[in-house]
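Q: fold the following for me, if possible:
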Amino acid sequence: MRWDRFFDDLEDQLASEWEAERAALDTEAERLRLSRVLLSERLTLLAGRDGAALATASFDLVDGTTLRATVTGVGADWVALAPADGPAGAVVAPFAGIVAVGMPHADLLRTARPAPSRSPLAERLTFGFVLRDLVRRRAGVSVQLTTGRVLTGTIDRAGADHLDLALHDPGAPRRADAVSGYRLVPFASIAWLRADEAPTLP
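A: Residues are numbered from 1 along each chain as shown. Purely as a prediction, here's the structure:
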């Protein structure tokens, strides 16, 4: 009888050790998975794809602005936002312009789950691509610089890492007599921008 109990105890101990080892491996695998998750993947899950509701988050930006907004698109190095309040228009922020993103704990956990694979096209849509679409549309913009300064006007050209901005009053069309000056603005100095109309995203 004692041997039966001994073998039962030994079996329980081995099963317990096996469960502990499997749990440790699962935990390590999850840590490894999380170590490879990109900001773009987490923001994509905030966008409410696959039937999930759009989550409103607060975006702290490098110029000191905090925007409460929903994510409407995510590219290779930028996020498109629909502000919960304030003037109409679309906001585009390069990842480098984001200091922190605040959200309820449930949304934070949801964004850490495995994300569906992003389309190869989304991976290639850079901040410059979005700006070139705004050039094509001749959309008026407010460019918020990392210094806190705001430049308003129309983007005439968008290069690989900078844009040319014709300065004029917000809401006014870009006409030669309305332009008060020009600025060459490096992308690295842009905290975020608000466009009068949303860029076209494929």
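Q: quick one: low-confidence parts of this protein?
A: Applying pLDDT under 70 to the chain flags residues 1-27, 29-30, 33, 48-54, 86-88, 198-202.
Q: so where do the strands sit in it?
A: Along the chain, counting by DSSP state E, strands occupy 56-61, 66-74, 78-83, 90-94, 98-102, 140-145, 150-158, 162-167, 181-186, 190-195.
Q: elements contacting the last one?
A: Taking 3 or more CB pairs under 8 Å, 6 or more residues apart in numbering; DSSP states H and E as contact, the helices and strands that strand 190-195 lies on are strand 90-94, strand 140-145. To be clear about C-beta, it is placed using only N, CA and C from the backbone, and glycine gets the same treatment.
Q: relative to strand 190-195, how tilted is the first one?
A: Here strand 90-94 runs at 160 degrees with respect to strand 190-195, directions being taken by axes from the mean of the first three to the mean of the last three CA atoms, to 10 degrees.
Q: also the last one?
A: For strand 140-145 against strand 190-195, the angle by the same axes, to 10 degrees is 160 degrees.
Q: need the residues that contact strand 140-145.
A: 61, 63, 65, 134, 150-155, 165, 170-174, 185, 189-196 (CB atoms under 8 Å, 6 or more residues apart in numbering).
Q: neighbouring strands - and their directions - for that strand?
A: Strand 140-145 has these partner strands in its sheet, going by DSSP bridges: strand 150-158 (antiparallel), strand 190-195 (antiparallel).
Q: just name the most buried of the helices and strands packed on strand 190-195.
A: With neighbours taken as mean count of other CB atoms under 10 Å, the helices and strands packed on strand 190-195 reach their highest mean count in strand 90-94, at a mean of 23.
Q: what lines up beside that one in the sheet?
A: Strand 90-94 has the following strand partners under DSSP bridges: strand 78-83 (antiparallel), strand 190-195 (antiparallel).
Q: can you put those in TSV and add mean neighbour count and distance to residue 40?
A: Below are the strands paired with strand 90-94 laid out as TSV (neighbours: other CB atoms under 10 Å; distance: least, CB to CB, whole Å):
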stretch	mean neighbour count	distance to residue 40
strand 78-83	22	8
strand 190-195	24	16
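Q: and these as a markdown table, adding distance to residue 44?
A: Listed next are the strands paired with strand 90-94 as a markdown table, based on distance: least, CB to CB, whole Å:
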| stretch | distance to residue 44 |
| --- | --- |
| strand 78-83 | 9 |
| strand 190-195 | 18 |
